[in-house]
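> A structural model of the following input is requested.
(one chain, ligands or ions: 1)
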Amino acid sequence: MEFTKMHGLGNDFIVIYGEQTLPDHAEELALRWCDRYFGIGADGLVYILPSERADYRMRIINSDGSEAEQCGNAIRCVAKYVYDRGYVQGEEVTIETLGAGVQKVAIQSQEGRAVTVTVDMGQPVLDGLRVPTTIDSEQVVDIPIETDEASFRFTAVSMGNPHCVIYVDDAVNFDLNTWGPKLEAHPLFPKKVNVEFATVLDRRTVDMRVWERGAGPTLACGTGACATLVSSVLNGKTDREAEIRLKGGSLFIRWDEQDNRVYMTGPAAFVYTGNVTV
Ligand SMILES: N[C@H](CCC[C@H](N)C(=O)O)C(=O)O
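So this is what the prediction gives:
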């Protein structure tokens, strides 16, 4: 089977085009193919499927085999995939996801190739039980969370998938590998959670490092960058538009005051095409 290796700021994916539906054994394929020693190596397995409501449907399986509702970096890669191959007319494509429904994606291209992509990531979900967390509250902002060895304060945001944003003094050097796994599986989060550690540099610049649900430490997280911006506005730390600086590079996020939708702009890159036995 042909696959295409792509990434968004180093958050990398195995992209499969041409299937009509998600294979029954997608979990096993993700576990096998995402393995960086015994497989192709990637943070996730992405299927570009037909859709009745949009140009395409995207489904994403994390490297641990769990399916995620949404993936910001992957949706930019999907848009680049179909645009560069001439499958769409014009510079806009619609992509349907489990977590955010039909999303509009605008492509900025050079010489017929998508360079950056702006995605309407939809409206953030702030209601505690819908993120989901176990907290029955309209918003979960700056709330204490205890682990067996430390306590933090967090803000919960869903972009279709759940996020826990924690502000620290030095996100760039934060001990992600110690605290990420403990918080990912914390009982406050019934579906586990993506964990973002953020340091606000000014009202339009945030450093962020991420421990992803089902994938661990990745170089970038699109939905995590959106959640970090929303959280930073709710906590009075930034304006509604900011640069989120990740290990793999920057994403530019805007939370529109009029339509309450979050817009993410960033790159997508093609690495290589290969063949793999199913
Ligand atoms: N691990 C995430 C899915 C991938 C999200 C991330 N790679 C992004 O770019 O948004 C989850 O289980 O919700």
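> okay, CA-based contacts and neighbour counts for the rest of this
Will do.
> helices or strands up against the helix or strand containing Thr199?
Element membership for Thr199, per DSSP states H and E: strand 194-202. Other elements packing on strand 194-202 under the criterion 3 or more C-alpha pairs under 8 Å, 6 or more residues apart in numbering; DSSP states H and E are strand 162-167, helix 176-184, strand 205-212, helix 222-234.
> what helices or strands is the second one leaning on?
Contact analysis of helix 176-184 by 3+ C-alpha pairs under 8 Å, 6+ apart lists strand 194-202, strand 205-212, strand 216-218 as its packing neighbours.
> cool, the third one as well?
Using 3+ C-alpha pairs under 8 Å, 6+ apart as the contact criterion, the neighbours of strand 205-212 among helices and strands are helix 176-184, strand 194-202, strand 216-218, helix 222-234, strand 241-246.
> Quick one: mean pLDDT over the fourth one.
Okay, so that is helix 222-234. Across helix 222-234, pLDDT averages out at 99.
> And it, how far out from the chain middle?
Remark: helix 222-234 is offset 11 Å from the chain centroid, using C-alpha atoms, centre = their mean, to the nearest Å.
> any idea how far Phe189 lies from Pro132?
Relative to Pro132, Phe189 is positioned 6 Å away (C-alpha to C-alpha, to the nearest Å).
> residues near Asp268, how many?
Not Asp; residue 268 is Ala. 25 (other C-alpha atoms under 10 Å).
> Kindly report the same for Pro50.
18.
> Excluding chain neighbours, give the residue nearest to it in space.
Tyr56 (5.1 Å; C-alpha to C-alpha, 6 or more residues apart in numbering).
> which ones are touching the one you found?
Contact partners of Tyr56, counting by C-alpha atoms under 8 Å, 6 or more residues apart in numbering, are 48-50, 94-96.
> Get me the contact residues on the stretch 101-250 of the chain for the ligand.
Contact residues, the stretch 101-250 of the chain versus the ligand (C-alpha under 6 Å from any ligand atom): 161, 212-215, 221-224.
> Turn these into TSV, columns for neighbour count.
Output for those, formatted as TSV (neighbours: other C-alpha atoms under 10 Å):
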residue	neighbour count
Asn161	25
Glu212	24
Arg213	25
Gly214	21
Ala215	18
Cys221	29
Gly222	30
Thr223	25
Gly224	31
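> Pull the most distant pair out of these.
Pairwise distances across these (C-alpha to C-alpha) peak at 15.0 Å, for the pair Gly214 and Gly222.
> one step back: now, of the helices and strands packed on helix 176-184, which is deepest in the fold?
Comparing these by mean neighbour count (mean count of other C-alpha atoms under 10 Å), strand 205-212 ranks first with a mean of 25.
> what is the rounded mean pLDDT of that one?
Mean pLDDT, strand 205-212: 98.
> In this protein, mark out all the helices, start to finish.
Taking DSSP state H as the test, the helices found in the chain are 26-33, 72-84, 176-184, 222-234.
> Buried deepest among those helices, which one?
Highest mean neighbour count among the helices of the chain (mean count of other C-alpha under 10 Å): helix 222-234, a mean of 27.
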